[in-house]
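> Got a sequence here, can you build the structure:
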Amino acid sequence: MDSLAAAAANCRCSRVVYVGNIAFHAADKEVLDACELIGPVLSFRLAADAATGKRKGYAFVEYADDATAQSACRNLHGHLLRGRELRVGLADRTGASRSRCGDHDPVGMDDAIHAASLVDFSGQRHAAAVASVTRYLAGLSRHQLREAAAAFEGYKVLKEHVPGLDTAMEMVQRLLDMAAADAAAEEAKRKRRESASAATADDHHAKMRKLEDGGKATAVPAGVACV
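Numbers count the residues shown, from 1 in each chain. You can find the predicted model right below:
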(Lines give C-alpha, C1' and ligand atoms only; values in the text may rest on other atoms or scores of the structure.)
Protein backbone atom coordinates (compact mmCIF):
# COMPACT_ATOMS: atom_id res chain seq x y z
CA MET A 1 0.00 0.00 0.00
CA ASP A 2 1.25 3.53 -0.80
CA SER A 3 2.62 5.40 2.22
CA LEU A 4 0.02 8.15 1.82
CA ALA A 5 -2.81 5.63 1.70
CA ALA A 6 -1.37 3.98 4.81
CA ALA A 7 -1.15 7.34 6.57
CA ALA A 8 -4.78 8.05 5.68
CA ALA A 9 -5.89 4.65 6.92
CA ASN A 10 -4.14 5.23 10.26
CA CYS A 11 -4.95 8.92 10.63
CA ARG A 12 -5.77 9.96 14.18
CA CYS A 13 -6.41 13.69 14.26
CA SER A 14 -9.51 14.75 16.17
CA ARG A 15 -12.37 13.44 18.23
CA VAL A 16 -14.41 16.61 17.68
CA VAL A 17 -16.65 17.02 14.66
CA TYR A 18 -18.42 19.98 13.12
CA VAL A 19 -22.06 19.32 12.19
CA GLY A 20 -23.44 21.90 9.76
CA ASN A 21 -26.55 22.60 7.69
CA ILE A 22 -28.76 22.03 10.75
CA ALA A 23 -32.36 23.15 10.27
CA PHE A 24 -33.11 26.14 12.50
CA HIS A 25 -36.34 24.57 13.74
CA ALA A 26 -34.66 21.28 14.73
CA ALA A 27 -34.75 20.73 18.50
CA ASP A 28 -31.50 20.33 20.44
CA LYS A 29 -32.47 16.77 21.38
CA GLU A 30 -33.14 15.85 17.75
CA VAL A 31 -29.63 16.92 16.75
CA LEU A 32 -28.05 15.20 19.76
CA ASP A 33 -30.01 11.99 19.14
CA ALA A 34 -28.76 11.96 15.53
CA CYS A 35 -25.16 12.37 16.72
CA GLU A 36 -25.58 9.60 19.30
CA LEU A 37 -26.51 7.17 16.53
CA ILE A 38 -22.76 6.97 15.91
CA GLY A 39 -21.66 6.57 19.52
CA PRO A 40 -21.67 8.16 22.99
CA VAL A 41 -21.29 11.96 22.91
CA LEU A 42 -18.98 13.52 25.51
CA SER A 43 -19.96 17.12 24.80
CA PHE A 44 -22.41 18.88 22.51
CA ARG A 45 -22.61 22.60 21.70
CA LEU A 46 -25.19 24.03 19.32
CA ALA A 47 -23.93 27.44 18.18
CA ALA A 48 -26.18 30.46 18.76
CA ASP A 49 -25.76 34.23 18.69
CA ALA A 50 -24.92 35.43 22.20
CA ALA A 51 -27.00 38.61 21.87
CA THR A 52 -30.14 37.31 20.17
CA GLY A 53 -30.02 33.58 20.93
CA LYS A 54 -30.64 32.89 17.23
CA ARG A 55 -29.12 29.63 16.07
CA LYS A 56 -26.32 29.62 13.52
CA GLY A 57 -27.09 26.24 11.98
CA TYR A 58 -24.10 24.27 13.20
CA ALA A 59 -22.81 22.42 16.26
CA PHE A 60 -19.60 20.97 17.67
CA VAL A 61 -19.76 17.40 18.94
CA GLU A 62 -17.05 15.58 20.91
CA TYR A 63 -16.85 11.80 20.80
CA ALA A 64 -14.83 9.44 22.97
CA ASP A 65 -12.08 8.86 20.40
CA ASP A 66 -10.82 9.71 16.92
CA ALA A 67 -12.21 6.54 15.37
CA THR A 68 -15.77 7.38 16.45
CA ALA A 69 -15.38 10.95 15.16
CA GLN A 70 -14.23 9.60 11.81
CA SER A 71 -17.19 7.22 11.78
CA ALA A 72 -19.47 10.22 12.34
CA CYS A 73 -17.91 11.98 9.36
CA ARG A 74 -18.52 8.93 7.18
CA ASN A 75 -21.94 7.82 8.44
CA LEU A 76 -23.64 10.95 9.78
CA HIS A 77 -22.59 13.05 6.78
CA GLY A 78 -25.66 13.39 4.55
CA HIS A 79 -28.06 12.20 7.29
CA LEU A 80 -31.47 13.77 6.70
CA LEU A 81 -32.76 15.82 9.63
CA ARG A 82 -35.84 18.01 9.30
CA GLY A 83 -35.54 17.97 5.52
CA ARG A 84 -31.86 18.98 5.40
CA GLU A 85 -28.75 16.87 4.86
CA LEU A 86 -26.20 17.29 7.64
CA ARG A 87 -22.66 18.26 6.69
CA VAL A 88 -20.08 16.69 8.99
CA GLY A 89 -16.35 17.41 9.12
CA LEU A 90 -13.45 17.09 11.52
CA ALA A 91 -12.84 20.03 13.85
CA ASP A 92 -10.03 20.93 16.29
CA ARG A 93 -7.51 19.09 14.14
CA THR A 94 -3.88 18.97 15.18
CA GLY A 95 -1.27 20.89 13.21
CA ALA A 96 -0.30 24.57 13.18
CA SER A 97 -0.83 24.84 9.42
CA ARG A 98 -4.60 24.91 9.92
CA SER A 99 -4.64 28.39 11.45
CA ARG A 100 -2.34 29.80 8.75
CA CYS A 101 -4.31 28.50 5.78
CA GLY A 102 -6.01 31.33 3.90
CA ASP A 103 -8.55 31.14 1.10
CA HIS A 104 -5.84 31.18 -1.57
CA ASP A 105 -3.16 29.13 0.25
CA PRO A 106 -2.63 25.41 -0.42
CA VAL A 107 -4.57 23.31 2.09
CA GLY A 108 -1.44 21.22 2.67
CA MET A 109 -0.71 17.53 3.04
CA ASP A 110 -1.95 17.22 6.64
CA ASP A 111 -5.49 18.28 5.78
CA ALA A 112 -5.45 16.26 2.55
CA ILE A 113 -4.52 13.16 4.54
CA HIS A 114 -7.27 13.93 7.08
CA ALA A 115 -9.75 14.14 4.20
CA ALA A 116 -8.46 10.86 2.75
CA SER A 117 -8.94 9.19 6.14
CA LEU A 118 -12.68 9.82 5.79
CA VAL A 119 -12.94 8.08 2.41
CA ASP A 120 -13.96 4.44 2.61
CA PHE A 121 -11.47 2.80 0.26
CA SER A 122 -10.39 -0.80 -0.17
CA GLY A 123 -8.28 -2.65 -2.68
CA GLN A 124 -4.85 -1.83 -4.10
CA ARG A 125 -6.20 0.00 -7.17
CA HIS A 126 -8.42 2.30 -5.15
CA ALA A 127 -5.67 2.94 -2.58
CA ALA A 128 -3.40 4.10 -5.39
CA ALA A 129 -6.12 6.51 -6.56
CA VAL A 130 -6.45 7.92 -3.04
CA ALA A 131 -2.70 8.53 -2.83
CA SER A 132 -2.62 10.29 -6.20
CA VAL A 133 -5.66 12.44 -5.44
CA THR A 134 -4.31 13.28 -1.96
CA ARG A 135 -1.06 14.63 -3.42
CA TYR A 136 -2.93 16.70 -5.98
CA LEU A 137 -5.52 18.18 -3.61
CA ALA A 138 -2.84 19.11 -1.06
CA GLY A 139 -1.60 21.74 -3.54
CA LEU A 140 -5.01 23.34 -4.09
CA SER A 141 -6.44 26.29 -2.17
CA ARG A 142 -9.91 26.44 -0.66
CA HIS A 143 -10.92 28.76 -3.48
CA GLN A 144 -9.79 26.19 -6.04
CA LEU A 145 -11.56 23.42 -4.13
CA ARG A 146 -14.85 25.31 -4.31
CA GLU A 147 -14.36 25.74 -8.06
CA ALA A 148 -13.61 22.02 -8.38
CA ALA A 149 -16.72 21.11 -6.39
CA ALA A 150 -18.84 23.26 -8.70
CA ALA A 151 -17.26 21.65 -11.77
CA PHE A 152 -17.85 18.16 -10.38
CA GLU A 153 -21.58 18.81 -10.29
CA GLY A 154 -21.61 18.50 -14.09
CA TYR A 155 -19.56 15.29 -14.10
CA LYS A 156 -21.43 13.13 -11.59
CA VAL A 157 -22.54 10.79 -14.36
CA LEU A 158 -18.88 10.00 -15.12
CA LYS A 159 -17.83 8.91 -11.64
CA GLU A 160 -18.81 5.30 -12.32
CA HIS A 161 -16.61 5.19 -15.40
CA VAL A 162 -13.56 7.33 -14.51
CA PRO A 163 -11.26 5.64 -11.95
CA GLY A 164 -10.62 7.87 -8.94
CA LEU A 165 -13.17 10.55 -9.87
CA ASP A 166 -15.61 9.54 -7.14
CA THR A 167 -12.70 9.58 -4.65
CA ALA A 168 -11.65 13.05 -5.78
CA MET A 169 -15.22 14.34 -5.53
CA GLU A 170 -15.64 13.02 -2.00
CA MET A 171 -12.26 14.29 -0.80
CA VAL A 172 -12.91 17.79 -2.20
CA GLN A 173 -16.17 17.94 -0.28
CA ARG A 174 -14.47 16.65 2.88
CA LEU A 175 -11.83 19.38 2.63
CA LEU A 176 -14.54 22.02 2.17
CA ASP A 177 -16.39 20.66 5.22
CA MET A 178 -13.16 20.90 7.22
CA ALA A 179 -12.74 24.50 6.03
CA ALA A 180 -16.27 25.25 7.22
CA ALA A 181 -15.40 23.72 10.59
CA ASP A 182 -12.29 25.91 10.81
CA ALA A 183 -14.28 29.04 9.98
CA ALA A 184 -16.91 28.22 12.60
CA ALA A 185 -14.26 27.51 15.23
CA GLU A 186 -12.44 30.77 14.47
CA GLU A 187 -15.71 32.71 14.70
CA ALA A 188 -16.45 31.11 18.08
CA LYS A 189 -12.97 32.01 19.34
CA ARG A 190 -13.38 35.60 18.09
CA LYS A 191 -16.71 35.90 19.89
CA ARG A 192 -15.17 34.59 23.12
CA ARG A 193 -12.28 37.07 22.82
CA GLU A 194 -14.70 39.94 22.22
CA SER A 195 -16.83 38.91 25.21
CA ALA A 196 -13.75 38.60 27.44
CA SER A 197 -12.47 41.98 26.24
CA ALA A 198 -15.83 43.64 26.88
CA ALA A 199 -16.02 42.11 30.35
CA THR A 200 -12.49 43.34 31.16
CA ALA A 201 -13.35 46.84 29.92
CA ASP A 202 -16.55 46.92 32.00
CA ASP A 203 -14.63 45.79 35.08
CA HIS A 204 -12.00 48.47 34.48
CA HIS A 205 -14.65 51.21 34.13
CA ALA A 206 -16.38 50.01 37.30
CA LYS A 207 -13.11 50.20 39.26
CA MET A 208 -12.39 53.68 37.91
CA ARG A 209 -15.85 54.90 38.91
CA LYS A 210 -15.34 53.45 42.38
CA LEU A 211 -12.00 55.24 42.73
CA GLU A 212 -13.50 58.51 41.50
CA ASP A 213 -16.42 58.23 43.90
CA GLY A 214 -14.07 57.49 46.78
CA GLY A 215 -12.03 60.63 46.11
CA LYS A 216 -14.95 63.05 46.27
CA ALA A 217 -15.67 65.10 49.40
CA THR A 218 -18.73 64.01 51.34
CA ALA A 219 -21.52 66.56 50.97
CA VAL A 220 -22.72 68.21 54.20
CA PRO A 221 -26.52 68.29 54.57
CA ALA A 222 -28.06 71.78 54.62
CA GLY A 223 -28.53 73.26 58.09
CA VAL A 224 -25.84 71.15 59.73
CA ALA A 225 -22.93 73.15 61.11
CA CYS A 226 -19.37 71.97 60.67
CA VAL A 227 -17.31 71.74 63.88
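> How many residues are close by the residue lying closest to Y58 once chain neighbours are set aside?
Excluding the flanking residues, the one nearest Y58 by Cβ to Cβ, 6 or more residues apart in numbering is G20, at 4.3 Å. C-beta here means a position set from N, CA and C on the backbone, and glycine is covered the same way. Number of residues near G20 (other Cβ atoms under 10 Å) recorded here: 21.
> partners of G20 in the sheet?
Per DSSP bridges, the residues bridged to G20 are R87.
> show me what contacts it?
57-58, 86-89, 177, 180-181, 184 (Cβ atoms under 8 Å, 6 or more residues apart in numbering).
> redo that, cut-off 6 Å
The contact partners of G20, by Cβ atoms under 6 Å, 6 or more residues apart in numbering, come to 58, 87, 180.
> Number of residues surrounding the last one?
Meaning A180. 18.
> Equivalent analysis for the one 3 residues further on, please.
Residues lying near A183 (other Cβ under 10 Å) number 13.
> Test for you: state the pLDDT assigned to it.
In this model, A183 is scored at 80, pLDDT.
> if you skip the residues just before and after it, what's nearest to E30?
Closest to E30 by Cβ to Cβ, 6+ apart is L81, at 6.5 Å.
> Make CSV from the contacts of G20 and add pLDDT and distance to A198 to it.
Listed next are the contacts of G20 as CSV, based on pLDDT from 0 to 100; distance: Cβ to Cβ, whole Å:
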residue, pLDDT, distance to A198
Y58, 90, 24
R87, 88, 32
A180, 80, 27
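> Can you list the helices and strands that the longest helix belonging to the chain packs against?
Longest helix in the chain by number of residues (criterion: DSSP state H): helix 165-214. Contact partners of helix 165-214 among helices and strands, from 3 or more Cβ pairs under 6 Å, 6 or more residues apart in numbering; DSSP states H and E: strand 16-20, strand 87-91, helix 108-117, helix 124-138, helix 142-152.
> So what pairs up with V16 in the strands?
E62, A91.
> Give the burial count for it, as a bare number.
Per other Cβ under 10 Å, the neighbour tally for V16 reads 21.
> my read: it touches A91, true?
Yes: the pair V16 / A91 is scored as a contact, 4.6 Å apart, by Cβ atoms under 6 Å.
> Which pLDDT value belongs to G102?
74.
> By mean pLDDT, flag the weakest helix or strand of the chain.
Least confident helix or strand, the chain: helix 97-100 with a mean of 50, by mean pLDDT, DSSP states H and E.
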